[in-house]
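Enquirer: My questions are about this predicted structure, shown below with the sequence.
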Amino acid sequence: MRDLVTAAALVFDFDGTLAPNLDLPDMRRRVIALTDANGVPTQVFERLHIVEVIEAATEWLQEHDPSAAETYHGKAHRLITDIELNAASSTEPFPEVRALACTLRQSGRKTAVVTRNCSEAIRTIFPDIDDCFDSVLARDDVPHLKPDPRHIVQALDGLSVAPQLAAMIGDGGIDMHTGKTLDMYCVGVLTGSGDTDTLVSAGADLVIADVGRLVELDWS
Ligand SMILES: [Mg+2]
């Protein structure tokens, strides 16, 4: 696919793309402080994303300090969910998001949201998200999280659209990288964590200021 408007389905990231970003560096710092306090060596988790830090540290604890593993896992997940829900209570979707979803639906495109955020937080921010998008897969809805491509494949399977006929839209390098793994057309947006260089070097075919720009395209 060489052109965004020929996409049969559009898969959107949530934080930084459809709504203002979470403070992920701060969340990571707090998870790592808890992980350090449990005596897990840094090399077990240093290059991992936040949820994967918790999974790797839990596995390490199961082997080295089994009595601490379950408590750590519960506390760490509670910590990230509390941060997400606290941020969600004062966050709203970007202004043009509902109009975009409406435009895409009227044009016959399928739409999905794939996010590492939890289901409760995204529905606090965007209570009518299920009316606007055909599929919404949050962290607690899936066994595999992006950058594992199976997160996106699960969404597209539900829409009966092959990845090669779909576009991925996101603010992060992991969105572009995961989309490219599946041979999707990738659109970076500048409303979140990634700048143009980051998004292009992660594989973006196109970089736009924000998702609202997509409303202006001719989807007919
Ligand atoms: Mg994002």
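Expert: Nice, I can see it.

Enquirer: Indicate the residue of this structure located nearest to the ion.
Expert: Using Cβ to the ion, the closest approach of the chain to the ion is made by G16 at 3.6 Å. In this view, the C-beta of every residue, glycine as well, is placed from N, C-alpha and C.

Enquirer: E96 versus M27, what's the distance?
Expert: Distance of M27 to E96, computed by Cβ to Cβ, to the nearest Å: 27 Å.

Enquirer: So is the longest helix anywhere in the chain next to the ion?
Expert: In the chain, taking DSSP state H as the definition, the longest helix is helix 66-88. No - counting by Cβ under 5 Å from the ion, the ion is not contacted by helix 66-88; separation bottoms out at 12.7 Å.

Enquirer: before we move on, the earlier item: with adjacent residues omitted, what lies nearest to the residue of the chain closest to the ion?
Expert: For G16, ignoring the flanking residues on the chain, the nearest one in space by Cβ to Cβ, 6 or more residues apart in numbering is G192 at 2.0 Å.

Enquirer: Quick check, pLDDT for M1.
Expert: Per-residue pLDDT puts M1 at 57.

Enquirer: before we move on, back to that, neighbours of the residue of the chain closest to the ion, how many?
Expert: By other Cβ atoms under 10 Å, 21 other residues sit near G16.
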